[in-house]
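Q: model this:
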Amino acid sequence: MANARQQRKALIASLVGNSIEWYDYFLYGTATALVFNKLFFPSFDPVVGLMLSYLTFALPFFIRPLGGIVFAHIGDRIGRKKTLVATLMLMGVSTVLIGLLPSYESIGVLAPILLVTLRVIQGMGIGGEWGGALLIAVEHSDEKKRALYGSVPQMGVPIGLLLGTFAMSLTTFLTTDEQFLSWGWRVPFLISAVLVGVGFWIRNGVEESEAFQKVKESGEVAKVPLVETLKHHWKEVLLATGMKVVETAPFYIFSTFIISYATKFVNMDRTVVLNSITISTLVCVLLIPVMGRLADRVGRRPLYLWGTVAMILYTFPYFMLVNTGSNGLLILANVIGLGIIWTPITAVLGTLYSEIFSTKVRYTGVTLGYQLGAALAGGTAPLIATALLSRYDNSYVPVAIYLMLASSLSLLAILLTKETKGRMIH
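A: Numbering: from 1, shown residues only. The predicted structure is shown next:
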């Protein structure tokens, strides 16, 4: 077990680096709803343009498993630390380049091609990021605080969303619509260069986890982690994939799809919508470690189960609140959905993952489950929701039913998963 100083450094490196990577990733999601359909797909019908931009948002979710396999192989063979440094740099460079891209009006069809290419590179980077950030924290923890440590990297997701949404919200507030479309949207992307530099400096000072060092010293490192994972842990991969669905589909509906839905179909102010996401995300960030600590006491399964059932029951009330057109009820809807119901699910997910795989294939196992689940229900969620709206006369009912069905897959997965509290991982 790592000493207290190493544990703190691992937690900080995991949280800061993960937050920066998700900031980079979520900037794209916010810009998709506000900018890209106008600047990179302007010659199409507005709904078609929005769906095409959401398609570029969804594409990396299918690239993420590939990136996950590549970097997880490195992480299980060479080490977690080197992988995390590489993924951070990959994400940072691609994000800055997106901020420098010329529009469709300037270079024609090359603009969306370059945009998609950079988004694919982002997908490769984030594909290997999450598993490493999780394990560098969990494998430095002690058993009594493992769920707390496993929840800290999960804070990086809402913090990244918080930073990305706040950056875009501030930019829209300080610029006119014309200025925002012309150059304002680029500023948050370019700021990533500074953030990545800070993250690189912090991560470079972290030591490799003791659990991985023991595996390496014993000569038990898996020759081909992917093959060994699929051969001996295929059931765990399937369960992990299923558990990811309720953590990812509602998240992208509440944080990405709702921007275009509330502004276009409920006629709400763009800044108000972005602020509602910012507020609910802040609540989420504050509650995640609380839920992690609670999971160390009562177990991982009860919290995840409660959150999943609550999510299934909340889908219709969520859209009913949004459709009132009230700013206050929109904020309330997002705070309940993203800030309260989603929080226990995401807080324990990483710990659940890390405790069902052995150390020598843990990076590959958690990454496969996470990224396959994200590909199944994450990136496609805004695209499916937009298609359902178009098909059913802008009614939210099919979207709510879709969320209920998706969340039910995770309910089945957790019912088939035993409690992992108390399992040894070293």
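Q: hey, which helix or strand in the protein has the poorest pLDDT?
A: When the helices and strands of the chain are scored by mean pLDDT, DSSP states H and E, helix 210-218 comes last with a mean of 67.
Q: what's downstream of it, the next helix or strand?
A: The first helix or strand that comes after helix 210-218 along the chain, using DSSP states H and E, is helix 225-232.
Q: for S407, give its distance to E236.
A: The spacing between S407 and E236, counted by Cβ to Cβ, to the nearest Å, is 21 Å. For the C-beta atoms, the positions are set from N, CA and C on the backbone; glycine is no exception.
Q: between the two, which one's more packed in?
A: S407 (25 against 20; other Cβ atoms under 10 Å).
Q: which residue ranges form the strands in the stretch 201-350 of the chain?
A: Counting by DSSP state E, counting those that start in this stretch, no segments of the stretch 201-350 of the chain form strands.
Q: now it, which segments are flagged as low pLDDT?
A: Counting by pLDDT under 70, the stretch 201-350 of the chain shows low-confidence ranges at 208-212, 215-222.
Q: pretty sure A193 is touching S94, no?
A: No - with contact defined as Cβ atoms under 8 Å, A193 does not count as touching S94 (11.5 Å).
Q: the more surrounded of the two?
A: Remark: of A193 and S94, S94 carries more neighbours, 23 against 13, as counted by other Cβ under 10 Å.
Q: quick one: the helices in the stretch 151-300 of the chain?
A: Shown for the stretch 151-300 of the chain, the helices assigned by DSSP state H, counting those that start in this stretch span residues 177-179, 186-203, 210-218, 225-232, 234-252, 258-264, 270-298, 300-322.
Q: which one of these lies nearest to A111?
A: Closest approach to A111 among those (Cβ to Cβ): helix 186-203, 13.4 Å.
Q: okay, how far is it across stretch 323-341, tip to tip?
A: 20 Å (Cα to Cα, to the nearest Å).
Q: ok now it, how far from the chain's centre?
A: 20 Å (Cα atoms, centre = their mean, to the nearest Å).
Q: tell me the buried residues in it?
A: Within stretch 323-341, the residues that count as buried by 16 or more other Cβ atoms under 10 Å are 323, 330-341.
Q: so can I have TSV of those showing distance to T248?
A: Converted to TSV, these look like this (distance: Cβ to Cβ, whole Å):
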residue	distance to T248
N323	24
L330	22
I331	23
L332	23
A333	19
N334	17
V335	19
I336	18
G337	14
L338	12
G339	17
I340	18
I341	14
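Q: in helices, which of these appear?
A: Taking DSSP state H as the definition of helices, those contribute 330-334.
Q: and the residue nearest to the spatial centre of the chain, what does it touch?
A: The residue lying closest to the centre of the chain (Cα atoms, centre = their mean) is V157, at 5.2 Å. Taking Cβ atoms under 8 Å, 6 or more residues apart in numbering, we find V157 in contact with 18, 22, 251, 346.
Q: and for the nearest residue to the first one once chain neighbours are set aside, the neighbour number?
A: Pointing back at N18 there. Among residues not flanking N18 along the chain, G156 sits closest, at 2.9 Å (Cβ to Cβ, 6 or more residues apart in numbering). Residues within reach of G156, counting by other Cβ under 10 Å, total 25.
Q: unless I'm mixing things up, L97 is touching R119, no?
A: No - if you go by Cβ under 8 Å, L97 and R119 don't touch, sitting 10.6 Å apart.
Q: more neighbours, those two?
A: Per other Cβ under 10 Å, whichever of L97 and R119 has more neighbours is R119, with 22 against 18.
Q: the helix or strand harbouring the more buried one - what's its average pLDDT?
A: R119 is part of helix 110-138, with elements assigned from DSSP H and E. For helix 110-138, mean pLDDT is 83.
Q: stretch 147-163 too?
A: 87.
Q: buried residues in it, which are they?
A: Neighbour counts over stretch 147-163 (16+ other Cβ under 10 Å) mark 147-163 as buried.
Q: likewise stretch 262-271?
A: Going by neighbour count (16+ other Cβ under 10 Å), the buried part of stretch 262-271 is 262-264, 266, 268, 270.
Q: between these, which is nearest D177?
A: The closest of the buried residues of stretch 262-271, once distances to D177 are taken by Cβ to Cβ, is R270, at 9.2 Å.
Q: so what's G292 closest to, chain neighbours aside?
A: Excluding its sequence neighbours, the residue lying closest to G292 (Cβ to Cβ, 6+ apart) is S151, at 2.7 Å.
Q: what's the distance between the one you found and L303?
A: Plainly put, S151 is 10 Å away from L303 if you go by Cβ to Cβ.
Q: any shared contact partners between those two?
A: Counting by Cβ under 8 Å, 6+ apart, the shared contacts of S151 and L303 are 291, 295, 347-348.
Q: which ones are touching the closest residue to R391 other than its chain neighbours?
A: The spatially closest residue to R391, leaving aside those adjacent along the chain, is P398, at 7.4 Å (Cβ to Cβ, 6+ apart). For P398, the contact set (Cβ under 8 Å, 6+ apart) comprises 388-389, 391-392.
Q: and the buried ones among these, selectable in PyMOL?
A: Restricted to buried positions by 16+ other Cβ under 10 Å, the PyMOL selection for the contacts of P398 reads:
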select buried, resi 388+389
